[in-house]
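Visitor: sequence and predicted structure are below.
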Amino acid sequence: MLARIPSATLHGVDGRPVSVEVHVSAGLPGFTVVGLPDAAVRESRDRVRAALLSSQLSWPSRRVTVNLAPSGVRKTGAGLDLPIAIGLLVAAEVLPSRCVEQTGFVGELGLDGSVRPVPGIASLVASIGAQQIVVPVAASAEAALVAGERVRPASTVAEVVAALLGRGTWADTPCAAASPPAVSEPDLLEVRGQVVARRALEIAAAGGHHLLLVGAPGSGKTMLATRLPGILPDLTRDEALEVLRIHSAAGASAGAGTFPSRPPFRAPHHGATEVAIVGGGSSWLRPGEISLAHAGVLFLDELGEFPATILDALRQPLEEHVIRVRRARGAIDFPARFLLVGAMNPCPCGEGGLPGACRCTETMRRRYLRRLSAPLLDRFDLAITLGRPDVEDLLGGPPGDSSAVVASRVGQARALARERGVRCNSELRFDAVDSPCALSADAAALLERRLRSGTLSARGLHRVRRVAQTIADLDGVRGVDERHVAEALQLRSARTALVAEPGQ
């Protein structure tokens, strides 16, 4: 007998529908899985057999063939265990075929018959068009966010069979909470001094501009970067769904029963591999840190310690907001729209900004700075040098604005950007910059002088104009004058100094 069970497999962060076809026939006992299964799917035979026997269900001593259609798409993960088990029971006539009509299944099986969650449950259930979808209880809250009342939670194979036969009932489908639990974010009020750095942080948040912080240890680079998410706006519904799908595919959602509301913050160590940062892998192509930071902040501390190959791999997603992973086994495009914040010392010893304190040789400094290519540095809209805060500021200086106050100004600036048809000013197209960013005559003359002197490139020109527009939005004015352009240029001063270093 033949059974067909709807399910899905994960492809990047997207789910792809899969029809699990199970055929039981006379012949020598055997179990074969075809349809481009990976190792985890091929091993389902032993998990399914042990789960059925542990649930007091029969295992047919006949020839079993499982086909995963479409056969030309590679199937990955253990999420096909449950549909294979149900298809086997239907094909062996243990379950009537009418019991599984318009019912999809996703879940891994334990040897004791338990149904376990799998990565990417949000994307998997979204791709199944059945009227009801059976999922593990541990992942049902996350599945309900995208599939709603179609979700049928189950904790064991025996519960699934009993519910399908009408001898038991499905567990109640959990309802998504109105909002996730409140998380205390670091407040800008705790930052003393660093007026220029605080201003750059506000501009970066308001316009979505990438930020580079250069300074000696103890100047507050990490402290500032970790407070950037607190002044960013909440995620929109579409952004929250994208973030949920990405984190679910990476196995980092922990079965969340609510949509994320705050921008994610990722801070990978400089020893992370290129695959961990960019994404990919051998058999299972997973999203990397730059995709996990989608709609949020990617913070690269000790930027100069990251391998040059990883840093240059950021150039394409910074421009296109997507990372294109190409492997022999497949090609996947991962979302990668993030706000990049880099922090680095001026030299390997960190004391390069203090006269007479640097212990590095010229060769050491060249090697350290060579990892930052000029094209990568050109993608930082803001690059500033930080000094250690004054003692007076640390001990009793006046506090700056809190994150809530700054976030209010950021929200107003973003509202003006939405009137221009973009999420933030950093997304203004090159051919659309001239229209919203009306320059005064003095501002245009200042930019012309920088272009003629060679200190500003064509890409840098557009980035400066976008930053200047953001500054004007924060100031509550429509036009861009010389003061806005001068501040935008000044906030790129550290980038100019790095490019001018010997060996660059």
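Guide: Sure, I can see it. Numbering: from 1, shown residues only.
Visitor: use CA for all of it now, contacts and neighbours both
Guide: Fine.
Visitor: hey, which strand is longest across this structure?
Guide: strand 14-25 (DSSP state E).
Visitor: quickly note the distance from Asp381 to His210.
Guide: With distances defined as C-alpha to C-alpha, to the nearest Å, the gap from Asp381 to His210 amounts to 5 Å.
Visitor: picking up where we left off before, for the longest strand of the chain, which strands pair with it and how are they oriented?
Guide: strand 2-11 (antiparallel), strand 63-69 (antiparallel) (DSSP bridges).
Visitor: which of those sits most buried?
Guide: strand 2-11 (a mean of 25; mean count of other C-alpha atoms under 10 Å).
Visitor: who's more crowded, Asp381 and His210?
Guide: Counted by other C-alpha atoms under 10 Å, Asp381 and His210 do not tie: Asp381 has more neighbours, with 26 against 23.
Visitor: please read off the pLDDT at the more buried one from the model.
Guide: On pLDDT, Asp381 comes in at 92.
Visitor: name all residues that make contact with it.
Guide: Contacts for Asp381 (C-alpha atoms under 8 Å, 6 or more residues apart in numbering) come out as 209-211, 460, 463-464, 467, 492.
Visitor: pretty sure Val134 sits in a helix.
Guide: No - counting by DSSP: H, G, I helix; E, B strand; the rest coil, Val134 falls outside a helix, being strand.
Visitor: any idea how far Phe31 is from the closest residue to Leu2 other than its chain neighbours?
Guide: The shortest distance from Leu2 to any residue other than its chain neighbours is 4.5 Å, reached at His23 (C-alpha to C-alpha, 6 or more residues apart in numbering). Separation of His23 from Phe31 (C-alpha to C-alpha): 10 Å.
Visitor: so for these two, which residue has more residues nearby?
Guide: More crowded of His23 and Phe31, by other C-alpha under 10 Å: His23, with 20 against 17.
Visitor: pretty sure that one contacts Leu68?
Guide: No - counting by C-alpha atoms under 8 Å, His23 does not reach Leu68; the two are 11.5 Å apart.
Visitor: what's the overlap in contacts for His23 and Phe31?
Guide: 64-66.
Visitor: reformat these as TSV; add distance to Ile323.
Guide: Below are the shared contacts of His23 and Phe31 laid out as TSV (distance: C-alpha to C-alpha, whole Å):
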residue	distance to Ile323
Val64	41
Thr65	38
Val66	35
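Visitor: compile these into a markdown table and extend it with columns for pLDDT.
Guide: Output for the shared contacts of His23 and Phe31, formatted as a markdown table (pLDDT from 0 to 100):
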| residue | pLDDT |
| --- | --- |
| Val64 | 94 |
| Thr65 | 95 |
| Val66 | 96 |
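Visitor: stretch 189-205: which residues count as buried?
Guide: 191-194, 197-198, 200-205 (16 or more other C-alpha atoms under 10 Å).
Visitor: still on that earlier bit, ok, which pair from the contacts of Asp381 is furthest apart?
Guide: Leu211 and Gly460 (13.9 Å; C-alpha to C-alpha).
Visitor: name the residue in these two with the higher neighbour count.
Guide: Leu211 (28 against 18).
Visitor: got the phi and psi for Thr385?
Guide: phi -100, psi 130 (degrees, to the nearest 10).
Visitor: that older thread, out of the contacts of Asp381, which sit inside strands?
Guide: Going by DSSP E, the strands hold Leu211 from those.
Visitor: is it possible to get JSON lines of the contacts of Asp381 that adds distance to Glu149 and pLDDT?
Guide: Shown next, in JSON lines, are these (distance: C-alpha to C-alpha, whole Å; pLDDT from 0 to 100):
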{"residue": "His209", "distance to Glu149": "41", "pLDDT": "96"}
{"residue": "His210", "distance to Glu149": "41", "pLDDT": "95"}
{"residue": "Leu211", "distance to Glu149": "44", "pLDDT": "96"}
{"residue": "Gly460", "distance to Glu149": "51", "pLDDT": "83"}
{"residue": "Arg463", "distance to Glu149": "47", "pLDDT": "89"}
{"residue": "Val464", "distance to Glu149": "49", "pLDDT": "92"}
{"residue": "Val467", "distance to Glu149": "46", "pLDDT": "94"}
{"residue": "Arg492", "distance to Glu149": "52", "pLDDT": "88"}
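Visitor: related to what we said a few turns ago, between the strands paired with strand 14-25, which one is nearest to Arg326?
Guide: strand 2-11 (12.9 Å).
Visitor: avg pLDDT for the closest one?
Guide: In this model, strand 2-11 carries a mean pLDDT of 94.
Visitor: with stretch 399-410 instead?
Guide: Mean predicted confidence for stretch 399-410 is 92.
Visitor: in it, what's buried?
Guide: 400, 403, 406-407, 409-410.
Visitor: with secondary structure added, can I get the residues you listed in TSV?
Guide: Output for these, formatted as TSV (three-state DSSP):
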residue	secondary structure
Gly400	coil
Ser403	helix
Val406	helix
Ala407	helix
Arg409	helix
Val410	helix
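Visitor: for the stretch 401-504 of the chain, which segments count as helices?
Guide: Taking DSSP state H, counting those that start in this stretch, the helices of the stretch 401-504 of the chain run over residues 403-419, 441-453, 458-475, 482-490, 493-499.
Visitor: try the stretch 201-350 of the chain
Guide: Using DSSP H, counting those that start in this stretch, helices in the stretch 201-350 of the chain cover 221-225, 237-249, 274-278, 289-292, 308-313, 315-320.
Visitor: right, so of the ones you listed, which gets closest to Phe105?
Guide: When the helices of the stretch 201-350 of the chain are compared by C-alpha to C-alpha, helix 237-249 sits nearest Phe105, at 17.4 Å.
Visitor: give me the angle between the closest one and strand 2-11.
Guide: On the basis of axes from the mean of the first three to the mean of the last three C-alpha atoms, to 10 degrees, helix 237-249 is oriented at 110 degrees to strand 2-11.
Visitor: how far does helix 237-249 sit from its chain's centre?
Guide: Its chain's C-alpha centre and that of helix 237-249 lie 8 Å apart, by C-alpha atoms, centre = their mean, to the nearest Å.
Visitor: packing partners of that helix?
Guide: Where contact means 3 or more C-alpha pairs under 8 Å, 6 or more residues apart in numbering; DSSP states H and E, helix 237-249 is packed against helix 121-126, strand 286-287, helix 289-292.
Visitor: ok, now with 10 Å
Guide: When contacts are defined as 3 or more C-alpha pairs under 10 Å, 6 or more residues apart in numbering; DSSP states H and E, helix 237-249 packs onto strand 14-25, helix 121-126, helix 137-147, strand 286-287, helix 289-292, strand 330-335.
Visitor: pairing partners for the last one, with directions?
Guide: Strand 330-335 has the following strand partners under DSSP bridges: strand 322-327 (antiparallel).
Visitor: please tell me I have it right and Gly168 contacts Val161.
Guide: Yes - the pair Gly168 / Val161 is scored as a contact, 8.5 Å apart, by C-alpha atoms under 10 Å.
Visitor: so between these two, which is more surrounded?
Guide: Val161 (20 against 13).
Visitor: wait, what's in contact with that one?
Guide: Residues near Val161 by C-alpha atoms under 10 Å, 6 or more residues apart in numbering: 55, 57, 86, 89, 94-95, 99, 154, 167-168.
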